[in-house]
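Q: build the 3D model from these lines:
(one chain, ligands or ions: 1)
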Amino acid sequence: MLCWGFGRRDRGAVSGPRADKLPHASSKAAVLDAIRAAGTISRVGLISVTGFTAPTISNLVRKLIDEGLVVETGHAESTGGKRRVLLRLNHTSRYAVGVCLGQGVMTYVLTDLTGIVVARISRPGVGVEAPATVVSRIAAEIPTLVDSVGVDRARLVGVGLVFPGPLTGRGVAGLNPELRHWREFPLGAALEQATDLPVVLDNDATAAALGEHWAGGFGTASAAAALYMGSGLGAGLVIDGITYRGPSGNAGELGHVCVDADGPPCWCGARGCVEAVAGPAAVVAAGRADAGLARALGLTTGAGPAAVARDFAAIGRAARRGEQRALALCERSARYVAAAARTLANVMDLEVIVLTGPGFAVAGSVYLPVLRQELHTVFSRSAHPVDVRLSRSAATASAVGAAALVLESELVPFHRGLRVSESLDGEFAPLPGSAR
Ligand SMILES: [Zn+2]
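A: Got it, this is the predicted structure:
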């Protein structure tokens, strides 16, 4: 197991306008993140981006090169003086595994240090399997993924795991009816023990938002959200480049925004939640209730998230083809989802909303125009529009985000709720055999 220590914290020299805005847990993490975000950048560029002094940047870059995380890569175009040496991440120096635990399908990705997917496998979903059995399965399937592309397991930073339900810190809340047997299961700790790797646990929407942020899908927005449609509805928030999770990791529960005070009861205990009124299960229930449509699309009567996902995909595909009754169901759902999204945009002053997750992967092109239309009337419109887009990787977004989650957590950790005014310098433990 790798050990990334952040125990030693020396005060480094910091100057410039940006230094008091860096939220990273160490100045080295801030520099590594700045190189990641830039792609390639010179030391002078890093001074400008981070606000650190030249000696601090020189020292930190040397350490990152010694640890094999960063390499020099050619020269910038000359601006009259000496050509500047460019730096980039050494993308094959570390890898991360992202796992999206789904009841219908399990998605595994292996990403390099920059978050680029280098291997991907799908396996049958967990259905109603016992949590301990699922953990054993994941621990057995990760080596298959890693070995499929010949990556040295010693280069794994850890495992990011996303779970499609509420969390309680390192465990699973198990509040959803179909996930009740996961209640209070210490998923993070159990998988850590089974894999001997650090494990970071998060919900699907937050992971998808982080994946979108790493892939550049939010552009330069300082307040952005990923709307995630899986078996339910959720949102992940990225504010000033940082995922906002809330104290228990349950921020952005868009599915439980009330859109009808007298609406149907929701499994969360409230009434009229958008998920209960217009989420995938509600769309499927309405589709199944229309005998003609159900027959035409081959909708089932099966319960459970896997059957709902299958039938929602059938309705979404029919809506895309222009089948009027399927289109009407999706457009009705989209208006309610848009109402909840407008609430989120108003509360968080959002600039960008990206639609992602398996539900939007199949029906996103039907939802997109409705959301765009409805978000014209957001309160902040005189200051800025809200740009609504479809994710370029909606189907695998949360697994990719899970891998980004572990890279971020292990390599570029952030202070929670704290803005540092001075650099706190941490030390990485180098990998055995990495260049010194
Ligand atoms: Zn609810």
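Q: show me what from the chain comes close to the ion.
A: The chain comes close to the ion at residues 256, 266, 268, 270, 273, as judged by CB under 5 Å from the ion. Every C-beta, even on glycine, is put in place using the N, C-alpha and C of the backbone.
Q: for L375, which non-adjacent residue is spatially closest?
A: Closest residue to L375 apart from its sequence neighbours, by CB to CB, 6 or more residues apart in numbering: V386 at 4.5 Å.
Q: an error on my part: the question was meant for P305.
A: S231 is the one closest to P305 (CB to CB, 6+ apart), at 4.0 Å.
Q: T73: what secondary structure?
A: Secondary structure, DSSP: H, G, I helix; E, B strand; the rest coil: T73 is strand.
Q: report the separation between it and H91.
A: 11 Å (CB to CB, to the nearest Å).
Q: neighbour count winner among these two?
A: H91 (17 against 13; other CB atoms under 10 Å).
Q: residues contacting the more buried one?
A: For H91, the contact set (CB atoms under 8 Å, 6 or more residues apart in numbering) comprises 112-114, 116.
Q: next, it: secondary structure please.
A: Under three-state DSSP, H91 comes out as coil.
Q: and V284, what element?
A: Assessed by DSSP states H and E, V284 sits inside helix 280-289.
Q: could you dump that helix to CSV, C-alpha only?
A: Taking Å, rounded to 0.1, in the frame of the first residue of the first chain, the C-alpha atoms of helix 280-289 are listed here in CSV:
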residue,chain,number,x,y,z
PRO,A,280,-36.9,7.8,-14.0
ALA,A,281,-39.1,5.5,-11.9
ALA,A,282,-42.0,8.0,-12.3
VAL,A,283,-41.5,8.2,-16.0
VAL,A,284,-41.4,4.4,-16.3
ALA,A,285,-44.5,4.0,-14.1
ALA,A,286,-46.4,6.3,-16.4
GLY,A,287,-45.1,4.5,-19.5
ARG,A,288,-46.2,1.1,-18.1
ALA,A,289,-49.6,2.5,-17.3
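Q: could I get the buried residue list for it?
A: Using 16 or more other CB atoms under 10 Å as the burial criterion, the residues of helix 280-289 that qualify are 280-284, 286-288.
Q: so for the next helix or strand after that helix, what's the average pLDDT?
A: On the C-terminal side of helix 280-289, the closest following helix or strand by DSSP H and E is helix 291-297. Taken as a whole, helix 291-297 has a mean pLDDT of 96.
Q: go on, stretch 192-200?
A: 94.
Q: end to end, how far does that stretch reach?
A: Terminal residues of stretch 192-200 lie 9 Å apart, using CA to CA, to the nearest Å.
Q: how much space separates A306 from the ion?
A: Distance, A306 to the ion, using CB to the ion, to the nearest Å: 21 Å.
Q: next, that residue: secondary structure please.
A: Here A306 takes the helix state, with states given by three-state DSSP.
Q: go on, T243?
A: Going by three-state DSSP: T243 is strand.
Q: quick one: contacts for it?
A: 206, 209-210, 213, 236-237.
Q: how near is it to G252?
A: 9 Å.
Q: any common contacting residues for the two?
A: In contact with both T243 and G252: 206, 209, 236-237, using CB under 8 Å, 6+ apart.
Q: farthest pair in these?
A: Across those, the longest distance by CB to CB is 7.7 Å; it joins T206 and L237.
Q: okay, those two: which has more neighbours?
A: Shown here are T206 and L237; by other CB under 10 Å, T206 has more neighbours (30 against 22).
Q: any idea how far A235 is from the more buried one?
A: Distance from T206 to A235, by CB to CB: 9 Å.
Q: all helices for the stretch 101-250 of the chain, in order.
A: Under the criterion DSSP state H, counting those that start in this stretch, helices of the stretch 101-250 of the chain are mapped to 131-147, 187-195, 204-215.
Q: and those: which comes nearest G102?
A: Going by CB to CB, the one of those nearest G102 is helix 204-215, 8.5 Å.
Q: counting by contacts, list what the closest one packs against.
A: Applying 3 or more CB pairs under 8 Å, 6 or more residues apart in numbering; DSSP states H and E, we find helix 204-215 packed against strand 95-100, strand 156-163, strand 223-229, strand 233-239, strand 242-244, strand 352-356, helix 397-411.
Q: now that helix: how far from the chain's centre is it?
A: Averaged C-alpha coordinates place helix 204-215 at 2 Å from its chain's average position (CA atoms, centre = their mean, to the nearest Å).
Q: repeat that for stretch 268-288.
A: 24 Å.
Q: can you give the domain ranges for the chain?
A: The chain is divided into the following domains under automatic domain parsing: 10-90+413-425, 95-209+398-405, 218-391.
Q: lowest average pLDDT across the ones you listed?
A: Note on these: lowest mean pLDDT is at domain 10-90+413-425, with a mean of 76.
Q: relative to the whole chain's centre, how far out is it?
A: 24 Å.
Q: wait, what's in contact with the residue sitting nearest the centre point of the chain?
A: In the chain, the residue lying closest to the centroid (CA atoms, centre = their mean) is A207, at 2.1 Å. Contacts for A207 (CB under 8 Å, 6+ apart) come out as 98, 100, 160, 162, 236, 397-399, 401-402, 404-405.
Q: rewinding a little: who's in contact with the residue nearest to L375?
A: V386 touches 345, 350-353, 375, 378, 380, counting by CB under 8 Å, 6+ apart.
Q: next: E192.
A: 198-199.
Q: next one: it from T206, what distance?
A: 19 Å.
Q: ditto for V97
A: 17 Å.
Q: one step back: measure the residue nearest to the centre of the chain to the ion for me?
A: 21 Å.
Q: for that residue, which non-adjacent residue is closest in space?
A: G401 (3.4 Å).
Q: and P131, what does it touch?
A: 172, 181-182, 185, 187, 190.
Q: which ones are touching the residue lying closest to L237 once chain neighbours are set aside?
A: Distance criterion CB to CB, 6+ apart; nearest residue to L237, sequence neighbours excluded, is Y244 at 4.3 Å. Residues near Y244 by CB under 8 Å, 6+ apart: 237-238, 251-252.
Q: what's the lengthiest helix in the chain packed up against?
A: Assignment by DSSP state H gives helix 324-348 as the longest helix of the chain. Other helices and strands packing on helix 324-348, by 3+ CB pairs under 8 Å, 6+ apart, are strand 223-229, strand 233-239, helix 274-278, helix 280-289, helix 291-297, helix 305-321, strand 352-356, helix 358-374.
Q: tell me what the residue lying closest to G357 once chain neighbours are set aside is bridged to.
A: Leaving aside its chain neighbours, G357 sits nearest to Y228 (4.0 Å; criterion: CB to CB, 6+ apart). For Y228, the beta-bridge partners are G234, T356 (DSSP bridges).
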